[in-house]
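Asker: heads up, no residue letters with this:
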Ligand SMILES: *Cc1c(COP(=O)(O)O)cnc(C)c1O
């Protein structure tokens, strides 16, 4: 006996308070897209934004658009929109550069506020760019010591002591979806006199973050995942207001100058969060991002989290009911309150299985060495999509369709 019927699932969609949001996105016909945690789909409004930015602002108004169309301040106007989504004040967050670059700037900013401390604590299981940026930083500051969760101790908390300058932590683990307690870890860092940088790549837009409620110091994150800003859309960086005056960051480009158009010989940093800016930003990308962020003005982030937990719970229950005999093993926390908006399953042949699913129009992704990863973006994923996704998975696994040789051939981007 199935634990839930297709009719019951359809009723969940009928009474979904976020049901109308899906229509705001362009989604290809017949595709189940469980990869919005890597690249969100385009909001329909983004097409018009780009058209206007190209045809009117760039083509007709040319350089006057820096003022007239607000190009120069998009870092701040979009920053204020992201601030609303992650629980920060409008003047504490700017949109700029990439997450990788913002990790570097915010780690250096934190180090500048703790000059007597030399340790960075972070996670070996982090998305690699976070680790690579720490590594690069240390190449130019050989006295910095790095301690890694998963190498130097099993838990991040145990590595934090009175030598720690800064902790760099992901709210949601990119592989397993495991969720950290932002409040508890921030408090732990502060108790030791350390600062904390939160990487929100897999949480911004899909759950409450409440940066200020938890007293976070710094945060960074992508906008092309759950915020649907488009491929390569610029990232964001948050710094709590109490740090603005003292902090310094190393990429002191002219956009972060107190008066960029004074063209002074000497650099003098902006007194606020704009000191995190470096140089000219990708305006066309930012215009698409605006459409992505505007969607969030219509929906409560708490409602998004509620549906996210319901979708991932349903997915796990259905996979466990229909697919586990084929060797899938849950690699995410089974308790929704400890999980982000993605579900990971382990399978030794995960890569080939994912390629076979993609051919059947179910898009998830594969993460080395054996993780099949499925992201659930509550704004456009329906309960029925979860049901249909599990049917496709069962078919592919039961028929062993994935064993065809072509599915084992690796592409550059997995
Ligand atoms: C996606 C992701 C990034 C991506 O960084 P880019 O600089 O945008 O390429 C960084 N960190 C984490 C945790 C991510 O999930």
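Answerer: Structure received. Here the structure is a predicted model, which is why all the values come from computation and not from measurement.
Asker: switch to C-alpha atoms for all contacts and neighbour counts from now on
Answerer: Will do.
Asker: quick one: average confidence on the helix ranked longest in the chain?
Answerer: Secondary structure assigned by DSSP state H gives helix 301-322 as the longest helix of the chain. For helix 301-322, the mean per-residue pLDDT is 97.
Asker: what does whichever helix or strand comes after that helix rub up against?
Answerer: Downstream of helix 301-322, the next assigned helix or strand under DSSP states H and E is strand 329-330. For strand 329-330, the external contacting residues (C-alpha atoms under 8 Å, 6 or more residues apart in numbering) are 316, 343, 344, 345, 346, 347.
Asker: which of these are buried?
Answerer: Buried members of these, counted by 16 or more other C-alpha atoms under 10 Å: 316, 343, 344, 345, 346, 347.
Asker: separation between the fifth one and residue 52?
Answerer: Noted for residue 346: a distance of 45 Å to residue 52, by C-alpha to C-alpha, to the nearest Å.
Asker: pull the helix or strand with minimum mean pLDDT from the protein.
Answerer: In the chain, the helix or strand scored least confidently by mean pLDDT, DSSP states H and E is strand 365-367, which has a mean of 93.
Asker: which residues make contact with that strand from outside it?
Answerer: By C-alpha under 8 Å, 6+ apart, the surrounding residues in contact with strand 365-367 are 35, 175, 350, 351, 354, 372, 373, 374, 414.
Asker: what do you get for stretch 76-94?
Answerer: Stretch 76-94 is contacted by residues 75, 95, 204-205, 208-213, 236-241, 272-274, 276-277, 290, 293-294, 296, 301 when judged by C-alpha under 8 Å, 6+ apart.
Asker: of all the residues in this structure, which ones are close to the ligand?
Answerer: For the chain, the residues in contact with the ligand (C-alpha under 6 Å from any ligand atom) are 98, 99, 100, 127, 129, 130, 174, 199, 201, 202, 222.
Asker: Low-confidence regions, the stretch 1-150 of the chain specifically.
Answerer: 1-2 (pLDDT under 70).
Asker: how about the helices in it?
Answerer: For the stretch 1-150 of the chain, the helices defined by DSSP state H, counting those that start in this stretch cover 6-14, 44-52, 65-68, 74-86, 99-113, 128-140.
Asker: Tell me if I'm right that residue 254 and residue 260 touch.
Answerer: Yes: using C-alpha atoms under 8 Å, residue 254 is in contact with residue 260, at 5.6 Å.
Asker: Nearest residue to the closest residue to the ligand within the stretch 151-300 of the chain in space, please, no chain neighbours.
Answerer: Going by C-alpha to the nearest ligand atom, the ligand is nearest to residue 201 of the stretch 151-300 of the chain, at 4.7 Å. Nearest residue to residue 201 in three dimensions, chain neighbours excluded: residue 221, at 4.4 Å (C-alpha to C-alpha, 6 or more residues apart in numbering).
Asker: re earlier: inside helices: which ones of the contacts of stretch 76-94?
Answerer: In helices, defined here by DSSP H, the members of those are 75, 290, 293, 294, 301.
Asker: Of the residues you listed, just the buried ones, PyMOL syntax please.
Answerer: Buried subset of the ones in helices among the contacts of stretch 76-94, written as a PyMOL selection, criterion 16+ other C-alpha under 10 Å:
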select buried, resi 75+290+293+294+301
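Asker: Return the member of the ones in helices among the contacts of stretch 76-94 nearest to residue 18.
Answerer: Here the nearest of the ones in helices among the contacts of stretch 76-94 to residue 18, counting by C-alpha to C-alpha, is residue 301; it sits at 10.6 Å.
Asker: so how far is the ligand from the closest one?
Answerer: 20 Å (C-alpha to the nearest ligand atom, to the nearest Å).
Asker: again, but for residue 414
Answerer: According to C-alpha to the nearest ligand atom, residue 414 stands 13 Å off from the ligand.
Asker: Report the buried residues of the lengthiest strand in the chain.
Answerer: Taking DSSP state E as the criterion, the chain has its longest strand at strand 164-170. Across strand 164-170, burial judged by 16+ other C-alpha under 10 Å covers 164, 165, 166, 167, 168, 169, 170.
Asker: Please report the distance of the nearest residue to residue 12 once chain neighbours are set aside from the ligand.
Answerer: Nearest non-adjacent residue to residue 12, counting by C-alpha to C-alpha, 6+ apart: residue 383, 6.7 Å away. Per C-alpha to the nearest ligand atom, residue 383 is found 25 Å from the ligand.
Asker: Begin at 13, not 1, for the rest of this chat.
Answerer: Got it, the first residue is 13 from now on, which makes the last one we talked about residue 395.
Asker: what's the pLDDT at residue 395?
Answerer: The model reports residue 395 with a pLDDT of 98.
Asker: Let me know whether it touches residue 321 as I believe.
Answerer: No: between residue 395 and residue 321 there is no contact under C-alpha under 8 Å: 11.5 Å.
Asker: and the residue nearest to residue 384 when sequence neighbours are not counted, how many residues sit next to it?
Answerer: Spatially, and ignoring its direct neighbours in sequence, residue 384 is nearest to residue 378 (4.8 Å; C-alpha to C-alpha, 6+ apart). Look at residue 378: counted by other C-alpha atoms under 10 Å, it has 22 neighbours.
Asker: can you check residue 362 too?
Answerer: Around residue 362 there are 23 residues (other C-alpha under 10 Å).
Asker: Helix or strand next in line after the least confident helix or strand of the chain, which one?
Answerer: strand 383-387.
Asker: what pLDDT, on average, does that next one get?
Answerer: In this model, strand 383-387 has a mean pLDDT of 97.
Asker: Contacts for the helix or strand just after that strand next, please.
Answerer: Later in the chain than strand 383-387, the nearest helix or strand by DSSP H and E is helix 395-410. For helix 395-410, contacts defined as C-alpha under 8 Å, 6+ apart pick out 18, 21-22, 24-25, 44, 323, 326-327, 330-331, 334-335, 338, 365, 368-369, 372, 374, 414.
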